[in-house]
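>>> Sequence and predicted structure, then a few things I'm wondering about:
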Amino acid sequence: MKSLVIEGGEPLSGSVPISGAKNAALPSCIASLLTEEPIVLHSVPQLRDVSTILYTLGALGKRVVRHDTSVSIATGGTLIPEANAYSVGQMRASFLVLGPLVARLGRAVVPLPGGCAIGARPVDLHLEGLRALGARVEERVGVVVVSADRLIGGTIRFPFPSVGATEQIIMAACLAQGKTVIHNAATEPEVMDLIDLLSKMGAEISVGNRRIHVTGKRSLGGAEHTLIPDRMEAATLLLAGAITRGSVSVSPVCPEHLDAFLESLRSTGVKLEVGETSITATGIARPIAVSLETSPYPGFPTDLHPPMSAFLSTAAGTSAIVESVFERRFAYTSALSKMGAHIVQDGTSLMIQGVDELIGQQVEAPDIRGGAALVLAGLAARGRTIITGLDHIDRGHANLETKLRSIGARIERREDSA
Ligand code: EPZ
């Protein structure tokens, strides 16, 4: 079984490079379905979810060439409308191929998604949005069949600013006839990065106070684009410095993409130096407990709730985290408690009573961000922590242990036969 073995207690210090954003890379790769011409993406992180989406695009008829962190996606032959079950089952973001395929081909057959077990994560908003663009949507057992002679621009109002549903509808609307308006749209930096790429491809998109306007085109062209840095990786590595009472700098990073997180982290007493494209966090002996609630951008990101929870488990006092995006994002808390954290869950709220120290244990990562939380706890804990469930961690973090070792962490990957 694969595992990460961490000898905790070392203050981490130094500078760490940040990879391109996973959650910008996935929709941006999928945007290649909207054009016959080649798309070239730079700063594409080397992690499992990206490999999965590139595999999916290859199976749909695209020709994918990857060189380090650059990827070119061109037409390989005929584009086919059926996405294979393997990759969509592996990762929820693969479901985003639906809109582009039906926009290009008039028909798409896509399995219903799998992915992290952090909640029900239905796709009703994706399907309602496509219906609003005139598509016929047929839900069969395990797959959805969507067809339309040509999508027609329309008005969509999301009850919740869903990131994936927003990205799905923006991409479909780019080739629809006429104008589309999305109300209560997600405006996460990763969504805006997708819009940046689509605009370079010739799409006509404007954004204003949670409203996205798209004027459909007959076709889009190729483009070259560099993805934004991964703000979740940057924040997680800053927390690695804070939880070990060391000092860690991350770059490149867009500090404005992390305002809510940095405000909470500063409130704990952690010293922050924020530059144009870099951030340094210096830990203090006993951080101060804080309260926070996750919410859609620009609020505190739900993806940083687990890593922040690990950090707050060693703060002085009792912190509170309210998780308002995913109802089942708490699987990591049992492992954190096993390491000595005092966490009480009440519905979608956590009360975290800070302890003096965590103790190394053998624990299993339940999902991508829960895995990050356990790595942080292991870096701070007394003794050895063994973390299994690396499939989750590898889905969302490029070369995590290499980056951590470069700033002094005693961490290695084991491939035990057991
Ligand atoms: C994206 O997931 C991210 N994934 C998630 O990151 C992130 O946590 C999430 O946005 C919120 O920021 C990618 O970008 C690949 P949502 P997504 O649609 O699009 C409900 C990570 O670790 N909902 O904004 O799936 C849903 O159940 C991952 O990198 C519906 O009800 O998130 C959830 O409660 C984890 N119906 C809420 O909206 C729908 O049709 C937010 O989901 C769609 C969503």
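Structure's in. What do you need? Residues are numbered from 1 along each chain as shown.
>>> For residue 35, what are phi and psi?
Phi and psi for residue 35, reported as degrees, to the nearest 10, are phi -140, psi 150.
>>> how close does the closest residue to the ligand within the chain sit to residue 95?
For the chain, the residue closest to the ligand is residue 164, as judged by CB to the nearest ligand atom, at 2.7 Å. Yep, even glycine has a C-beta here, placed from its N, CA and C like the rest. Residue 164 sits 7 Å away from residue 95 when distances are taken as CB to CB, to the nearest Å.
>>> and if you look at residue 202?
Taking CB to CB, one finds residue 202 at 25 Å from residue 95.
>>> Counting neighbours, go ahead and name the busier of the two.
residue 95 (24 against 16; other CB atoms under 10 Å).
>>> The more buried one: what's it in contact with?
88, 110, 112-113, 123, 126, 164, 168 (CB atoms under 8 Å, 6 or more residues apart in numbering).
>>> hang on, the earlier thing: chain center to the helix or strand the residue of the chain closest to the ligand falls within: distance?
If you go by DSSP states H and E, residue 164 is part of helix 163-173. Distance of helix 163-173 from its chain centroid, counting by CA atoms, centre = their mean, to the nearest Å, is 16 Å.
>>> cool, stretch 345-360 as well?
24 Å.
>>> and the end-to-end length of it?
End-to-end distance for stretch 345-360, by CA to CA, to the nearest Å: 22 Å.
>>> Do it and the ligand come into contact?
No. Remark: stretch 345-360 sits outside contact range of the ligand, by CB under 6 Å from any ligand atom, the gap being at least 10.6 Å.
>>> got the buried residues for that stretch?
348, 350, 352, 354, 358-360 (16 or more other CB atoms under 10 Å).
>>> what sits against residue 36?
75, 219.
>>> and with 10 Å instead?
By CB atoms under 10 Å, 6 or more residues apart in numbering, the contact list for residue 36 reads 74-75, 79, 104, 219-222.
>>> Which of the three states applies to it?
coil (DSSP: H, G, I helix; E, B strand; the rest coil).
>>> how much space between it and residue 76?
11 Å.
>>> mind listing the helices for this protein?
For the chain, the helices defined by DSSP state H cover 22-30, 48-59, 85-90, 98-105, 124-132, 163-173, 189-200, 231-243, 259-267, 305-312, 332-338, 368-380, 390-396, 400-405.
>>> same question for stretch 190-200, mean pLDDT?
Averaged across stretch 190-200, pLDDT comes to 98.
>>> Dump it to PDB, restricted to CA.
What follows is stretch 190-200 as a C-alpha-only set of coordinates in PDB (Å, rounded to 0.1, in the frame of the first residue of the first chain):
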ATOM      1  CA  GLU A 190     -10.600  29.700 -11.800                       C
ATOM      2  CA  VAL A 191     -13.900  30.500 -13.500                       C
ATOM      3  CA  MET A 192     -12.400  33.900 -14.500                       C
ATOM      4  CA  ASP A 193      -9.300  32.200 -15.900                       C
ATOM      5  CA  LEU A 194     -11.600  29.900 -18.100                       C
ATOM      6  CA  ILE A 195     -13.300  33.100 -19.300                       C
ATOM      7  CA  ASP A 196      -9.900  34.600 -20.100                       C
ATOM      8  CA  LEU A 197      -9.000  31.600 -22.200                       C
ATOM      9  CA  LEU A 198     -12.400  31.500 -24.000                       C
ATOM     10  CA  SER A 199     -12.100  35.200 -24.800                       C
ATOM     11  CA  LYS A 200      -8.700  34.500 -26.300                       C
END
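>>> Name the residues of the stretch 301-418 of the chain found near the ligand, please.
Counting by CB under 6 Å from any ligand atom, the residues of the stretch 301-418 of the chain near the ligand are 302-303, 325-326, 368-369, 396.
>>> and with 5 Å instead?
The stretch 301-418 of the chain comes close to the ligand at residues 302-303, 368-369, as judged by CB under 5 Å from any ligand atom.
>>> Scan those and report the most crowded one.
If you count neighbours using other CB under 10 Å, the busiest of those is residue 369, which has 28 neighbours.
>>> For the residue lying closest to that residue once chain neighbours are set aside, which residues are in contact?
Spatial nearest neighbour of residue 369, chain neighbours left out: residue 306 (4.5 Å); criterion: CB to CB, 6 or more residues apart in numbering. By CB under 10 Å, 6+ apart, residue 306 lies in contact with 118, 236, 321, 323, 329-333, 336, 366-374, 376.
>>> same thing but 6 Å
Listed by CB atoms under 6 Å, 6 or more residues apart in numbering, the contact partners of residue 306 are 332, 369-370, 373.
>>> where do the strands sit along the stretch 251-400 of the chain?
Here the stretch 251-400 of the chain has its strands, by DSSP state E, counting those that start in this stretch, at 271-274, 279-282, 291-293, 318-322, 342-346, 349-353, 362-364, 384-388.
>>> sorry, back to before: list the contacts of the helix holding residue 164.
Outside helix 163-173, the residues touching it (CB under 6 Å, 6+ apart) are 27, 96, 99-100, 103, 125-126, 129, 133, 151, 156, 180, 182, 185-186, 188, 191, 194, 214.
>>> Do me a favour and average the pLDDT over that helix.
On average, helix 163-173 scores 98.
>>> Enumerate the positions of it that are buried.
Neighbour-count burial for helix 163-173 [16+ other CB under 10 Å]: 163-173.
>>> which one among these gets closest to residue 83?
Among those, residue 168 lies closest to residue 83 (CB to CB), at 13.2 Å.
>>> Please indicate which of the contacts of residue 36 are buried?
Applying 16+ other CB under 10 Å to those flags 74, 79, 104, 220, 222 as buried.
>>> what sits against the second one?
Remark: with contacts taken as CB under 6 Å, 6+ apart, residue 79 is in contact with residue 61.
>>> For it, give me the backbone phi and psi.
phi -70, psi 130.
>>> Counting neighbours, what do you get for residue 250?
Counted with other CB under 10 Å, residue 250 comes out at 28.
>>> Rank the helices and strands of this structure by mean pLDDT and give me the bottom one.
helix 85-90 (a mean of 73; mean pLDDT, DSSP states H and E).
>>> Using CSV, list the CA coordinates for that helix.
Provided in CSV are the C-alpha atoms of helix 85-90 (Å, rounded to 0.1, in the frame of the first residue of the first chain):
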residue,chain,number,x,y,z
ALA,A,85,-17.5,5.9,-18.2
TYR,A,86,-14.0,5.4,-16.7
SER,A,87,-12.8,8.9,-16.6
VAL,A,88,-16.1,10.6,-15.8
GLY,A,89,-16.5,8.0,-13.0
GLN,A,90,-13.1,9.0,-11.7
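>>> If anything else comes up later, I'll come back, but that's it for now.
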